[in-house]
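Student: How does the following fold in three dimensions:
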Amino acid sequence: MSGLGRYPLEPSTDETRRMLEEAARFVVAYLEGLEEAPAVNPDLDPELRARIAEEPPAAGRPFAEVLHILERGAKEGFNTSGPGYLAYIPGGGIVAAGIADLLADVMNRYVGIWQPAPAFAEIEWRVVRWLCDLFDLPAEARGILTSGGSMANFSAIVAARKAKLPEDFLNGTLYATDQAHHSVAKAAVLAGFPAESVRIVPHTPALRMDVGALREAIAQDRAAGSRPFCVVASAGTTNTGAIDPIRDIVEVRDGEDLWLHVDGAYGGFFQLTERVRRRFAGIERADSITLDPHKAMFLPYGTGALLVRDGERLRAAHSVHADYLQDLAGEAEVPSFADHSPELSRDFRGLRVWLPLMLHGVEAFRAALEEKLDLTEMLHERLSAIPELEVPWEPEVTVVTFRLRGDGDESTRALLDRINASRRVFLSSTLIDGRFFIRACIVSHRTHRDRVEEAAEIIGAAVREVAGS
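Tutor: Residues are numbered from 1 along each chain as shown. Have a look, this model is predicted:
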């Protein structure tokens, strides 16, 4: 940055204050504009592309000029921060977490091992322990904050492989339905298994794992000489929010000596609500659980978590000795996260969870999740009342899935295009048993009744236009 004197990487107190004030003005203006900003903007600015493609200058540019590029870029693509973003699984980005990241990045303290930053490592450990307690896991449980559910699922599969299989593990088999997140199959491949080691278990008409079919698949694989070692249940699938019968799968796990991993990346934090907690019955007996605080805790992307019932098994799967770390003390009351994770270098993720929890309190998150469940039930009811729509599944979490009646996928594709053309809401699609469905997922903390009612009106108008054409 120009004009910063002899050490440009060390701005003066006044210059630092000015940059922070300009950044704060940008943030406030951005948040004030979210209500009216389009939920999706496919229009790309070629001049902006050219500016971004420029080589970094030898001397710095004014901060306001650089910030203006971000301001223009924020107007393009998916508005994942806004109230009309109902596609995929919306993220959050609450302001308190952004402030936490600023503080963590400026302090730049390392928490992968507890000794370099004891207080901050303790903060992250207390976050992990709160998550364990949320699911009634025992005192010996351990966990890590990850970059997201994909990395959490990967570490879970590695821990399961280490705990249940010998070093020569290629005949191990893992079980999940075709409704499981694709990161499960990807994690198995990255963990060294052949793709065919992932067995797809049939689902029921409600899109939940068929437990009888699971038992049959395990028996067939054992008879063929394979070694079943892990079953993955979903606590809220991406497609429809379906919840696998976890309690029944626990019984299979116990009888077959398997590792039970529950992927709760999307739905897991609805454990805070009484109605979904009942639907998760048995999750407290899982061997491991994936969570994504950047989904239903409304935190910034890049915030995932893995919890493991027997923390020693997580450590055994990830700990490797390094001589250059010998000066650092071993674990005390606070675990060394580097020994429980693929990562040694990593950011201080715990602060972006801890600070919002301390600032807002758990009840604020619980109330927000209850609101999303109520809004989902309202949207499901509104769409079910439209005769031209097929809305086959009652929402178990906060996804409403629908399509036009009949067997023409193209008309439903046209319906999705018409809905998204409003730019007030943005929905996504999926294939379920080979049929094209539209999805509305209500998770953003900024999505409230007014926007969901508007979404229902937009969908209804689009149905009349497409069905009448």
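
Student: all contacts plus neighbour counts: C-alpha atoms, from now on.
Tutor: Will do.

Student: tell me the average confidence for stretch 142-160?
Tutor: Averaged over stretch 142-160, pLDDT sits at 97.

Student: hmm, I was thinking of stretch 261-268
Tutor: On average, stretch 261-268 scores 98.

Student: Could I get the buried residue list for that stretch?
Tutor: H261, V262, D263, G264, A265, Y266, G267, G268 (16 or more other C-alpha atoms under 10 Å).

Student: distance between the ends of it?
Tutor: Terminal residues of stretch 261-268 lie 13 Å apart, using C-alpha to C-alpha, to the nearest Å.

Student: Now do it: everything it contacts.
Tutor: 89, 149, 153, 156, 230-238, 241, 283, 286-293, 295-296, 304, 397 (C-alpha atoms under 8 Å, 6 or more residues apart in numbering).

Student: Where helices are concerned, which of those residues count?
Tutor: G149, N153, A156, P293, K295, A296 (DSSP state H).

Student: and the first one, what is it in contact with?
Tutor: This means G149. By C-alpha under 8 Å, 6+ apart, G149 lies in contact with S183, A265, T290, L291, D292, G304, A305, L306.

Student: May I see the buried residues of stretch 261-268 organised as JSON lines, with secondary structure and distance to R449 added?
Tutor: Converted to JSON lines, those look like this (DSSP: H, G, I helix; E, B strand; the rest coil; distance: C-alpha to C-alpha, whole Å):
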{"residue": "H261", "secondary structure": "strand", "distance to R449": "35"}
{"residue": "V262", "secondary structure": "strand", "distance to R449": "31"}
{"residue": "D263", "secondary structure": "strand", "distance to R449": "29"}
{"residue": "G264", "secondary structure": "strand", "distance to R449": "26"}
{"residue": "A265", "secondary structure": "coil", "distance to R449": "25"}
{"residue": "Y266", "secondary structure": "coil", "distance to R449": "21"}
{"residue": "G267", "secondary structure": "coil", "distance to R449": "21"}
{"residue": "G268", "secondary structure": "helix", "distance to R449": "23"}
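
Student: Output the helix or strand hosting D14 as CSV, restricted to C-alpha atoms.
Tutor: Assigned by DSSP states H and E, D14 belongs to helix 13-33. This file holds the C-alpha atoms of helix 13-33, laid out as CSV (Å, rounded to 0.1, in the frame of the first residue of the first chain):
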residue,chain,number,x,y,z
THR,A,13,-1.7,3.2,13.9
ASP,A,14,-3.5,5.9,11.9
GLU,A,15,-3.3,4.0,8.7
THR,A,16,-4.5,0.8,10.3
ARG,A,17,-7.4,2.7,11.9
ARG,A,18,-8.4,4.2,8.5
MET,A,19,-8.3,0.7,6.8
LEU,A,20,-10.5,-0.7,9.5
GLU,A,21,-12.9,2.2,9.3
GLU,A,22,-13.2,1.8,5.5
ALA,A,23,-13.7,-2.0,5.9
ALA,A,24,-16.4,-1.4,8.5
ARG,A,25,-18.2,1.0,6.1
PHE,A,26,-18.0,-1.7,3.4
VAL,A,27,-19.4,-4.3,5.7
VAL,A,28,-22.3,-2.1,7.0
ALA,A,29,-23.2,-1.0,3.4
TYR,A,30,-23.1,-4.7,2.2
LEU,A,31,-25.4,-5.9,5.0
GLU,A,32,-27.8,-3.0,4.5
GLY,A,33,-28.2,-3.9,0.9
